[in-house]
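*Asks:* no sequence on this one, just coordinates:
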């Protein structure tokens, strides 16, 4: 009887050890971004231990990191069902809410995490670690709370390198590079072969735009663990930044090999190509991965729509706007509003505006761009795009409002913003305001000839009789700049016709026949419409005292 009990206990312990080993193996695959291989391991674990909530939680984490939040939610929910006493899956569900934009859900997530930590009396280091991880790495952070959890976790498990890494990530988010590096070094002291710690240090350098320093850390990580896939991906991405495109592609191929070419890795590669403006290559990669991976994956649809917009003027990519809009529309069909990003709305809006050029499409585009700006107020350039769209619709008051909003904010205001403001005021019959806008254009870009002709036109409306000659100095400056650009004479033809015509009329009013004839002859030398040329020649004859030709 005792022998039977002993054998049973031995078998139980052996099974537990095997299951724990299998779990660590699966987690390592997740860390190495081999999400599909990890999923297979988690499936095996769950079949062996269907009542163990930990397995579902780390399986959900794997799915979440592999950009599959819906499946991750299902895993966490199943884990709660099978092991209600295990609070990890509550943290998992909270992580999904923390990545959304709905304030209520974010608040619920933070409350859930706090309740989970409190209910364990803060005696479980793993709970504290996962809670801190959620509040550091997801979109809606709470770094103060995360630090509290990590302080407690460290007191419970002072030699856990994961705690040190998370402290490093925390201080990275707080832009305290010195403390972050110190914690990554402490993690390395506890585990000298931790490629994750070294890669984390590399990310710290990359965040501060020290791409050479980051590259050195990633190469160290590869030396420590030549099979650590994330190190090759990170190295490839900084090599793109350093202009080492061939090396970057070589290291990305190595990353794909090590991550077993799984969908997540291929999608990550396509994303990197897009970020580094290799739009055509990104679309090529996506067309290949669609055969194996989910074509409705939100990231795939995002990259597709973004790249088509960027290639809208590329003759090798026909119907780019149409194809981009199809992908963006499909993205919005599969992605709940709470998960759409400012950039999603930005590209959707730009694609709509470029699509048919009809008023309904442009209005839809403006609405989307407004939504993008509401989500991310740092995107002030969108106000310029919105203004351009309103100008297309001849809704000049709305264009003025958008441009004035940007100018008032004072961020990334460009000369073209004042150009469009001057035009909008002009077409809205606000000529004094138009003159002020063109004056600003002249100050910002004194050699921009069209800025002077724009100001001249505004002044012709402020001085409709031309008696005061308000437009005269601005037309004269336009002529000076136009004639100085001998390499591009054709682009100034219409402007010179206008300027010469105004000055000729002005001197006729002032009874300065010589000056009037000078500008009429200059105008007559330009390619005029027959009727216009006829009128110019008649004016010349009249000033010269010649009889009108019959």
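*Replies:* Arrived safely, thanks for sending. None of these values were measured; they are calculated from a predicted model.

*Asks:* Now for the residue lying closest to residue 100 once chain neighbours are set aside, how many residues are close by?
*Replies:* Using C-beta to C-beta, 6 or more residues apart in numbering and skipping residues adjacent in sequence, the residue nearest residue 100 is residue 338, 4.6 Å away. For every residue, glycine as well, the C-beta is placed using N, CA and C. By other C-beta atoms under 10 Å, 11 other residues sit near residue 338.

*Asks:* show me the contacts for residue 338.
*Replies:* When contacts are counted by C-beta atoms under 8 Å, 6 or more residues apart in numbering, residue 338 touches 100, 101, 102, 105.

*Asks:* Buried residues, the strand or helix carrying residue 494. List them.
*Replies:* Taking DSSP states H and E as the definition, residue 494 sits inside helix 493-509. For helix 493-509, the neighbour count (16 or more other C-beta atoms under 10 Å) marks 495-504, 506-508 as buried.

*Asks:* now stretch 341-354
*Replies:* Buried residues in stretch 341-354 (16+ other C-beta under 10 Å): 341-342, 344-354.

*Asks:* Same check on stretch 314-330?
*Replies:* Using 16+ other C-beta under 10 Å as the test for burial, stretch 314-330 gives 317, 320, 321, 323, 324, 325, 326, 327, 328, 330.

*Asks:* I'd like the list of those residues that fall within helices, please.
*Replies:* Those of the buried residues of stretch 314-330 mapping onto helices are 320, 321, 323, 324, 325, 326, 327, 328, 330, per DSSP state H.

*Asks:* Which of the residues you listed sits closest to residue 290?
*Replies:* residue 327 (11.2 Å; C-beta to C-beta).

*Asks:* Touching, the closest one and residue 304? I think so.
*Replies:* Yes. Using C-beta atoms under 8 Å, residue 327 makes contact with residue 304 at a distance of 4.0 Å.

*Asks:* Could you list the low-confidence segments of this structure?
*Replies:* Along the chain, the parts satisfying pLDDT under 70 run over 1-19, 357, 547-550.

*Asks:* again, only this time at 80
*Replies:* For the chain, residues meeting the criterion pLDDT under 80 lie at 1-20, 100-102, 121-123, 291, 356-357, 546-550.

*Asks:* Would you quantify the distance from residue 389 to residue 287?
*Replies:* 31 Å (C-beta to C-beta, to the nearest Å).

*Asks:* What ranges does the stretch 101-250 of the chain have for its helices?
*Replies:* 103-119, 125-137, 143-156, 161-173, 177-190, 195-207, 211-224, 229-241, 245-258 (DSSP state H, counting those that start in this stretch).

*Asks:* buried residues in the fifth one?
*Replies:* So the one you mean is helix 177-190. Those would be 177, 180, 181, 183, 184, 186, 187, 188, 190, for helix 177-190 by 16+ other C-beta under 10 Å.

*Asks:* same check, this time on the last one
*Replies:* Using 16+ other C-beta under 10 Å as the test for burial, helix 245-258 gives 248, 249, 251, 252, 254, 255, 256, 258.

*Asks:* What lies in contact with it?
*Replies:* 32, 34, 227-230, 232-233, 235-237, 239-240, 265-266, 269, 272, 276.

*Asks:* out of those residues, which are buried?
*Replies:* Buried members of those, counted by 16+ other C-beta under 10 Å: 32, 34, 228-230, 232-233, 235-237, 239-240, 265-266, 269, 272, 276.

*Asks:* Secondary structure and distance to residue 56 for the buried residues of stretch 341-354 - can I get that in TSV?
*Replies:* Listed next are those as TSV, based on DSSP: H, G, I helix; E, B strand; the rest coil; distance: C-beta to C-beta, whole Å:
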residue	secondary structure	distance to residue 56
341	coil	28
342	helix	33
344	helix	30
345	helix	34
346	helix	37
347	helix	36
348	helix	36
349	helix	40
350	helix	41
351	helix	40
352	helix	42
353	helix	45
354	helix	45
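
*Asks:* Please tabulate those in a markdown table, including the columns distance to residue 490.
*Replies:* Formatted as a markdown table, these follow (distance: C-beta to C-beta, whole Å):
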| residue | distance to residue 490 |
| --- | --- |
| 341 | 44 |
| 342 | 41 |
| 344 | 42 |
| 345 | 40 |
| 346 | 36 |
| 347 | 35 |
| 348 | 38 |
| 349 | 35 |
| 350 | 31 |
| 351 | 33 |
| 352 | 34 |
| 353 | 29 |
| 354 | 27 |
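
*Asks:* hey, where'd the helices end up in the stretch 351-500 of the chain?
*Replies:* Taking DSSP H, counting those that start in this stretch as the criterion, the stretch 351-500 of the chain carries its helices at 359-375, 381-392, 396-409, 415-427, 431-444, 449-462, 472-484, 493-509.

*Asks:* of those, which approaches residue 527 most closely?
*Replies:* Closest to residue 527 of the helices of the stretch 351-500 of the chain is helix 493-509 (C-beta to C-beta; 6.6 Å).

*Asks:* Tell me how many other residues crowd residue 211.
*Replies:* For residue 211, the count of nearby residues is 19 (other C-beta under 10 Å).

*Asks:* is it true that it touches residue 240?
*Replies:* No. If you go by C-beta under 8 Å, residue 211 and residue 240 don't touch, sitting 9.3 Å apart.

*Asks:* if I pick residue 478, what's in contact with it?
*Replies:* Contacts of residue 478 (C-beta under 8 Å, 6+ apart): 449, 450, 452, 453, 456, 495, 496, 499.

*Asks:* pretty sure the third one contacts residue 471?
*Replies:* Meaning residue 452. No. Contact criterion C-beta under 8 Å: residue 452 and residue 471 do not qualify, at 9.9 Å.

*Asks:* can you list contacts of stretch 347-367?
*Replies:* Here stretch 347-367 has contacts from 305-306, 308-309, 312, 321-322, 324-325, 328-329, 331-332, 368-369, 371-372, 382, 385-386, 389-390, 392-393, using C-beta under 8 Å, 6+ apart.

*Asks:* filter these to the buried ones?
*Replies:* 305-306, 308-309, 321, 324-325, 328, 331-332, 368-369, 371-372, 382, 385-386, 389-390.

*Asks:* and the angle from the helix holding residue 494 to helix 472-484?
*Replies:* 140 degrees (axes from the mean of the first three to the mean of the last three C-alpha atoms, to 10 degrees).

*Asks:* Please name every helix or strand in contact with helix 493-509.
*Replies:* Using 3 or more C-beta pairs under 8 Å, 6 or more residues apart in numbering; DSSP states H and E as the contact test, the elements touching helix 493-509 are helix 449-462, helix 472-484, helix 513-524, helix 530-543.

*Asks:* Point out the most buried one among those helices.
*Replies:* helix 449-462 (a mean of 22; mean count of other C-beta atoms under 10 Å).

*Asks:* Make CSV out of the contacts of residue 478 and add distance to residue 377.
*Replies:* Shown next, in CSV, are those (distance: C-beta to C-beta, whole Å):
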residue, distance to residue 377
449, 35
450, 31
452, 35
453, 35
456, 37
495, 38
496, 43
499, 42
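
*Asks:* Quick check: of those, which lies closest to residue 410?
*Replies:* residue 450 (24.2 Å).

*Asks:* got a list of what that closest one touches?
*Replies:* 419, 478, 495.

*Asks:* mind putting those residues in CSV, distance to residue 75 included?
*Replies:* Listed next are the contacts of residue 450 as CSV, based on distance: C-beta to C-beta, whole Å:
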residue, distance to residue 75
419, 54
478, 68
495, 66
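
*Asks:* what residues are up against the residue positioned nearest the centre of the chain?
*Replies:* Residue closest to the mean C-alpha point of the chain, counted by C-alpha atoms, centre = their mean, is residue 343 at 5.3 Å. Residue 343 sits next to 302, 306, 372 when contact means C-beta under 8 Å, 6+ apart.
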